[in-house]
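Participant: 3D model of this:
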Amino acid sequence: MKLYYLKKDNLYLHVQTTLFEQYEDSSAISGLFSPQYIFSEKKDGAMQFSNKADANRYLILNSRKLKDFTVAIE
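Facilitator: Here you go, the predicted structure:
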């Protein structure tokens, strides 16, 4: 099975979610998750997609944050 990756030059996209547990609000929310985009030359742990349509959809939905990225097959 071929996997598709998001790539910019020689950097692969990694997504890391962090939890801020001291998020205080008037509601009952005790934590807040936020995604962080990390760019690395390592392919291990990079975002993988099973088909090109899914990878293109992710790029379209996050186009403001992920400019100049392309779908690469490895």
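
Participant: Distance check, the residue minimising distance to the centre of the chain against P35.
Facilitator: With distances taken as Cα atoms, centre = their mean, the chain has V15 as the residue nearest its mean C-alpha position (3.9 Å). Separation of V15 from P35 (Cβ to Cβ, to the nearest Å): 6 Å. For the C-beta atoms, the positions are set from N, CA and C on the backbone; glycine is no exception.

Participant: May I have the strand or helix carrying A53 as PDB, with CA atoms only?
Facilitator: Applying DSSP states H and E as the criterion places A53 in helix 52-61. What follows is helix 52-61, C-alpha atoms only, in PDB (Å, rounded to 0.1, in the frame of the first residue of the first chain):
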ATOM      1  CA  LYS A  52      -4.400  11.300  -2.500                       C
ATOM      2  CA  ALA A  53      -8.000  12.600  -2.200                       C
ATOM      3  CA  ASP A  54      -7.700  12.600   1.600                       C
ATOM      4  CA  ALA A  55      -4.400  14.400   1.500                       C
ATOM      5  CA  ASN A  56      -5.700  17.100  -0.900                       C
ATOM      6  CA  ARG A  57      -8.800  17.600   1.300                       C
ATOM      7  CA  TYR A  58      -6.600  18.100   4.400                       C
ATOM      8  CA  LEU A  59      -4.500  20.700   2.400                       C
ATOM      9  CA  ILE A  60      -7.700  22.500   1.300                       C
ATOM     10  CA  LEU A  61      -9.200  22.700   4.800                       C
END
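
Participant: what packs against that helix?
Facilitator: Counting contacts by 3 or more Cβ pairs under 8 Å, 6 or more residues apart in numbering; DSSP states H and E, helix 52-61 packs against strand 4-8, strand 70-73.

Participant: Switch those strands over to a markdown table; also include mean pLDDT and distance to G31.
Facilitator: As requested, the helices and strands packed on helix 52-61 are exported to a markdown table (pLDDT from 0 to 100; distance: least, Cβ to Cβ, whole Å):
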| stretch | mean pLDDT | distance to G31 |
| --- | --- | --- |
| strand 4-8 | 94 | 27 |
| strand 70-73 | 91 | 33 |
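
Participant: Alright, calling it a day.
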